[in-house]
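Asker: Could you work out the structure for the sequence below:
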Amino acid sequence: MRTHRIACALGIAGIFCGCGVAAFQHQDLPVTHNIFAATFFTFAMLHVLLETVIDYKHRLSSRFLRKIRAATALLVTLCVILFITPMAYLIGVCGGHKCPQR
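Answerer: Have a look, this model is predicted:
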């Protein structure tokens, strides 16, 4: 039950961060927008991972669906890592300012 509450809290935090992405447009405040986007994807990823753990622990679905869900959770994790890593690098390189156009 506690794990489900944590997963729910992560999902709600992800929704809040998604609102931050929509509220702060990239052309006006790129760093703020990117930070909200990174936290949105991170919270959503953690939510999916925890729900997958709950599914495995309590066997809430069939074996096939648990495998599909685990594969999806791993794919989501890989995509989030590939999304956040370059963003963190660019924020560090640009020093919180807009990077010069190519």
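Asker: show me where this structure has helices.
Answerer: Along the chain, counting by DSSP state H, helices occupy 2-23, 30-58, 63-94.
Asker: who touches the residue nearest to the spatial centre of the chain in this structure?
Answerer: Against the mean C-alpha coordinate of the chain, by CA atoms, centre = their mean, the closest residue is residue 41 at 1.7 Å. Listed by CB atoms under 8 Å, 6 or more residues apart in numbering, the contact partners of residue 41 are 80, 83-84. In this view, the C-beta of every residue, glycine as well, is placed from N, C-alpha and C.
Asker: Out of the helices of the chain, which one sits most buried?
Answerer: Mean neighbour count, computed with mean count of other CB atoms under 10 Å, is highest for helix 30-58 among the helices of the chain, reaching a mean of 18.
Asker: Residue 39 contacts residue 18, correct?
Answerer: No - with contact defined as CB atoms under 8 Å, residue 39 does not reach residue 18; the gap is 9.5 Å.
Asker: For the residue nearest to the centre of the chain, give its distance to residue 18.
Answerer: Distance of residue 41 to residue 18, given as CB to CB, to the nearest Å: 9 Å.
Asker: Residue 25: what's it in contact with?
Answerer: Neighbouring residues of residue 25 by CB under 8 Å, 6+ apart: residue 33.
Asker: returning to that earlier point: common neighbours of residue 41 and residue 18, please.
Answerer: Shared contacts of residue 41 and residue 18 (CB under 8 Å, 6+ apart): none.
Asker: Quickly, which of the helices of the chain bottoms out on average pLDDT?
Answerer: Ranked by mean pLDDT, these end with helix 63-94 at the bottom, a mean of 86.
Asker: how about the nearest residue to residue 40, chain neighbours excluded?
Answerer: In this structure, residue 40 finds its nearest non-sequential neighbour in residue 17, 3.8 Å apart by CB to CB, 6 or more residues apart in numbering.
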